[in-house]
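In: fold the following, please.
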Amino acid sequence: MNVAAGVEGSNSTLNIIIFLVFVAITLVIVFRASRNTKTASDYYAAGRAFTGPQNGIAISGDYLSAASFLGIAGAIAINGYDGFLYSIGFLVAWLVALLLVAELLRNTGKFTMGDVLAFRMKQTPVRAAAAISTLAVSFFYLLAQMAGAGGLVNLLLGIEGEAGQDIVIAVVGVIMILYVLIGGMKGTTWVQIIKAALLIVGAFAMTLWVLGKYGFNLSSLFQAAVDKGGKGGAALLDPGKQYGKTGTTKLDFLSLGIALVLGTAGLPHVLMRFYTVPTARDARRSVVWAIVLIGVFYLFTLVLGYGAGALVGPDKISKAPGTTNSAAPLLALELGGPVLLGFISAVAFATILAVVAGLTITASASFAHDVYASVLKKGQVSTGGEVRVARITALVIGALAIAGGILAKSQNVAFLVALAFAVAASANLPTILYSLFWKRFNTQGALWSIYGGLVVTIVLIVFSPAVSGKPVDAKTGKSASMIQGVDFHWFPLDNPGLVSIPAAFLLGWLGTVLSKERNTKKYAEMEVRALTGAGAEKAIVH
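Out: Numbers count the residues shown, from 1 in each chain. Okay, here's the model as predicted:
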């Protein structure tokens with residue numbers, strides 16, 4: 001591993017100090033939170049002790065990931081209008097979560113998505129399926145965060161070589177595992193609240209700074225980005241620079257948009273946050289707070305993206321470690337020198353740590369609660385035993401995330417998150433909506449929907465250009481695909497949502513109508529609980 005001076009103008013020593021200060025402060029917070037983590041409710045749902053506004057800030061901290069800050073800013077800097085469409089998709093998705101999912105899930109479940117899906121169906125197969133789906137979504141999302149962490153720290157510390165980048169990703173993974181093992185959901189939530197505040201304040205300051213350089217005139221900023229972009233600069237203001245070149249890329253954009261809009265309501269780590277508040281009213285307030293904060297932040301990304309394009313330039317961004325993911329840190333360096341770069345990068349690093357901790361605790365909780373406690377032990381397990389299994393699972397998931405992050409370190413993190421959204425929208429959302437709103441829905445329909453959606457999505461991703469087959473870029477000498485030097489793709493779209501989401505809904509319907517199983521009494525009970533909150537605090541009967 002070679003440590004160079006880093007990006008020209010940056011101060012590696014200062015960056016390391018800021019990193020260490022942040023990690024030390026958050027670890028102290030996590031240790032303090034861990035004192036009260038004794039029961040499964042404490043570990044999984046933070047004892048349901050957070051208010052609506054607190055949980056809303058934490059949700060925004062969980063949701064505003066490396067994709068939101070690093071990936072979208074870079075996508076806008078390079079692709080302009082088409083890059084901003086990521087922001088639109090991520091934001092609009094919250095309306096689906098607010099109107100269809102948040103309050104009903106809080107009233108119906110206990111700790112995990114599996115609680116809701118298994119409420120009126122056969123416990124063992126449905127909980128197992130829900131756990132497998134949760135693990136799959138979490139893994140794809142973790143890939144994005146770990147890839148973003150590697151690129152960001154390489155940029156800051158000037159670490160060169162494949163081995164150096166791999167070590168950075170491993171270190172991030174180890175810190176994330178510590179958060180989860182020590183603090184549980186309560187410690188993770190406080191890290192997310194702090195990180196959300198820092199991220200929004202930092203992005204707001206940079207937005208004002210960029211606008212101030214152009215007389216607070218957006219038109220002047222856009223024109224500067226066009227001028228800096230050279231021959232292709234004018235395309236930054238028009239749709240189609242990334243997704244409008246051929247019929248396939250237009251379909252790819254449609255597929256991406258569907259996955260982004262429908263995926264949020266099926267993301268397990270977002271759904272699990274609704275259980276950390278005491279009432280359904282607080283769950284509703286959480287989502288309203290989250291929508292406001294997330295909406296404001298995505299407006300900032302428009303200015304930050306075009307600001308990076310205007311002040312840094314697409315050529316410099318493309319050549320930097322982390323390529324497009326480096327746009328926001330490079331903009332910070334351009335605006336405020338090494339100090340602002342160190343602060344913004346520490347915030348981005350906090351963003352990654354908070355999100356991967358939330359993902360890891362969700363995945364480990366799903367395995368321990370749905371598979372170990374409910375399926376393997378038939379509900380006959382002590383609280384301590386269940387939490388111990390959750391912690392062991394967190395270690396395994398952390399190791400897998402490190403390995404996957406090393407494999408995917410050259411990918412744009414916003415794109416990788418879009419794949420996670422496609423899996424969530426295909427494997428989880430149809431089953432959740434059918435469970436909440438369709439009286440006839442049954443166990444076979446749930447299994448066909450979850451497993452069918454999961455298999456279709458993963459197969460299409462594996463055999464898509466995202467994994468293999470994209471042409472080699474003349475400037476970088478690398479393909480934009482995950483695996484270099486091979487081509488086994490046959491599915492033409494990068495994101496499978498256009499095919500996989502309708503397929504999952506269809507499979508859920510087909511599996512239901514082909515089965516004679518009916519449980520109308522349980523549906524009636526679930527409907528009353530979902531709509532009124534009656535019995536929401538009672539434990540789910542295994």
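In: all contacts plus neighbour counts: C-alpha atoms, from now on.
Out: Will do.
In: check contacts around residue 486.
Out: Contacts for residue 486 (C-alpha atoms under 8 Å, 6 or more residues apart in numbering) come out as 468, 469.
In: and the pLDDT at it?
Out: Here, the pLDDT recorded for residue 486 equals 82.
In: again, but for residue 499
Out: Note on residue 499: pLDDT of 93.
In: okay, and it sits in which element?
Out: Element membership for residue 499, per DSSP states H and E: helix 497-513.
In: and the most centrally placed residue in the chain, what are its phi and psi?
Out: Relative to the mean C-alpha position of the chain, the nearest C-alpha, by C-alpha atoms, centre = their mean, is the one of residue 141, at 5.0 Å. Here is the backbone geometry of residue 141 (degrees, to the nearest 10): phi -70, psi -40.
In: quick check: which ranges of the stretch 201-350 of the chain have low pLDDT?
Out: Applying pLDDT under 70 to the stretch 201-350 of the chain flags the ranges 232, 244-248, 321-322.
In: mind listing the helices for it?
Out: For the stretch 201-350 of the chain, the helices defined by DSSP state H, counting those that start in this stretch cover 218-228, 247-263, 268-271, 280-311, 314-319, 327-366.
In: now do the buried residues in the helix holding residue 499.
Out: Neighbour-count burial for helix 497-513 flags 497-501, 503-509, 511-512 (criterion: 16 or more other C-alpha atoms under 10 Å).
In: packing partners for the following helix or strand past it?
Out: Downstream of helix 497-513, the first helix or strand assigned by DSSP H and E is helix 520-532. Helix 520-532 sits against helix 102-108, helix 429-437, with contacts defined as 3 or more C-alpha pairs under 8 Å, 6 or more residues apart in numbering; DSSP states H and E.
In: what angle do helix 429-437 and helix 520-532 make with each other?
Out: Helix 520-532 runs at 90 degrees relative to helix 429-437, counting by axes from the mean of the first three to the mean of the last three C-alpha atoms, to 10 degrees.
In: export the helices of the stretch 201-350 of the chain to CSV and tack on mean neighbour count and distance to residue 191?
Out: Converted to CSV, those look like this (neighbours: other C-alpha atoms under 10 Å; distance: least, C-alpha to C-alpha, whole Å):
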stretch, mean neighbour count, distance to residue 191
helix 218-228, 19, 34
helix 247-263, 22, 24
helix 268-271, 24, 15
helix 280-311, 24, 16
helix 314-319, 18, 30
helix 327-366, 27, 6
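In: rebuild the ones you listed as JSON lines, extending it with distance to residue 31.
Out: Converted to JSON lines, those look like this (distance: least, C-alpha to C-alpha, whole Å):
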{"stretch": "helix 218-228", "distance to residue 31": "45"}
{"stretch": "helix 247-263", "distance to residue 31": "33"}
{"stretch": "helix 268-271", "distance to residue 31": "22"}
{"stretch": "helix 280-311", "distance to residue 31": "25"}
{"stretch": "helix 314-319", "distance to residue 31": "38"}
{"stretch": "helix 327-366", "distance to residue 31": "14"}
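In: these: which one's closest to residue 425?
Out: Residue 425 lies closest to helix 247-263 among the helices of the stretch 201-350 of the chain, at 4.2 Å (C-alpha to C-alpha).
In: now what about the closest one, what contacts it?
Out: With contact meaning C-alpha under 8 Å, 6+ apart, helix 247-263 is reached by 86, 89-94, 96, 242-244, 418-426, 429, 492-499, 501.
In: any of these buried? List them.
Out: The neighbour count (16+ other C-alpha under 10 Å) marks 86, 89-94, 96, 242-244, 418-426, 429, 492-499, 501 as buried among the contacts of helix 247-263.
In: before we move on, back to that, how big is the angle separating the helix holding residue 499 from helix 429-437?
Out: Counting by the same axes, to 10 degrees, helix 497-513 lies at 40 degrees to helix 429-437.
In: going by distance to residue 433, which of the buried residues of helix 497-513 wins?
Out: Using C-alpha to C-alpha, residue 505 comes nearest to residue 433 of the buried residues of helix 497-513, at 9.6 Å.
In: so what's the closest residue to that closest one other than its chain neighbours up against?
Out: Excluding its sequence neighbours, the residue lying closest to residue 505 (C-alpha to C-alpha, 6 or more residues apart in numbering) is residue 430, at 5.4 Å. Neighbouring residues of residue 430 by C-alpha under 8 Å, 6+ apart: 449, 501, 504, 505, 508.
In: swap in 10 Å and give it another go.
Out: 262, 266, 424, 446, 449-450, 453, 501-509 (C-alpha atoms under 10 Å, 6 or more residues apart in numbering).
In: ditto for residue 305
Out: Counting by C-alpha under 10 Å, 6+ apart, residue 305 touches 69-80, 83-84, 207, 225, 327-328, 331.
In: among these, which ones are in helices?
Out: With helices defined by DSSP state H, the entries of these inside them are 72-79, 83-84, 207, 225, 327-328, 331.
In: which ChimeraX command selects the buried ones in those?
Out: To isolate the buried members of the ones in helices among the contacts of residue 305 in ChimeraX, using 16+ other C-alpha under 10 Å:
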select :72,73,74,75,76,77,78,79,83,84,207,225,327,328,331
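In: what's the helix or strand for the nearest residue to residue 260 once chain neighbours are set aside?
Out: Excluding the flanking residues, the one nearest residue 260 by C-alpha to C-alpha, 6+ apart is residue 89, at 5.2 Å. Residue 89 is part of helix 81-96, with elements assigned from DSSP H and E.
In: let's test this: mean pLDDT of that helix, rounded?
Out: Averaging pLDDT along helix 81-96 gives 81.
In: next one: it to chain centre, how far?
Out: Distance of helix 81-96 from its chain centroid, counting by C-alpha atoms, centre = their mean, to the nearest Å, is 14 Å.
In: quick one: the nearest residue to residue 425 once chain neighbours are set aside and residue 29, what's the gap?
Out: Distances taken as C-alpha to C-alpha, 6+ apart place residue 263 nearest to residue 425, at 4.2 Å, with adjacent residues excluded. Residue 263 sits 31 Å away from residue 29, going by C-alpha to C-alpha, to the nearest Å.
In: and for residue 60?
Out: 19 Å.
In: of these two, which one has the most company?
Out: residue 60 (27 against 18; other C-alpha atoms under 10 Å).
In: mind checking which helix or strand the more buried one is in?
Out: Residue 60 belongs to helix 52-63, assigned by DSSP H and E.
In: what comes into contact with stretch 395-404?
Out: 135, 138-147, 166-178, 180-181, 356-357, 359-361, 363-364, 391-394, 405-407.
In: same question for that stretch, mean pLDDT?
Out: Mean pLDDT, computed over stretch 395-404, is 82.
In: for that stretch, buried residues please.
Out: By 16+ other C-alpha under 10 Å, the buried positions in stretch 395-404 come out as 395, 397, 398, 399, 400, 401, 402, 403, 404.
In: what's around residue 32, how many residues?
Out: 15.
In: in this structure it contacts residue 187, no?
Out: Yes. Contact criterion C-alpha atoms under 10 Å: residue 32 and residue 187 qualify, at 7.9 Å.
In: and for the two, which residues touch both?
Out: By C-alpha under 10 Å, 6+ apart, the residues touching both residue 32 and residue 187 are residue 26.
In: the stretch 101-250 of the chain: strands as residue ranges?
Out: Under the criterion DSSP state E, counting those that start in this stretch, the stretch 101-250 of the chain contains strands at 159-160.
In: hmm, residue 287 and residue 100 touching each other?
Out: No. Using C-alpha under 10 Å as the test, residue 100 is too far from residue 287 to be in contact (11.7 Å).
In: list the residue ranges of the stretch 51-200 of the chain that fall below the pLDDT cut-off.
Out: Looking at the stretch 51-200 of the chain by pLDDT under 70, you get 66-67, 102-103, 106-112, 148, 150-161, 183-184.
In: in helices, which of the buried residues of stretch 395-404 fall?
Out: The helices, defined by DSSP H, take in 395, 397, 398, 399, 400, 401, 402, 403, 404 from the buried residues of stretch 395-404.
In: what strand or helix carries residue 17?
Out: helix 12-34.
In: how about that helix: buried residues?
Out: For helix 12-34, a neighbour-count test (16+ other C-alpha under 10 Å) marks 12, 14-15, 18-19, 22-23, 26-27, 29-31, 33-34 as buried.
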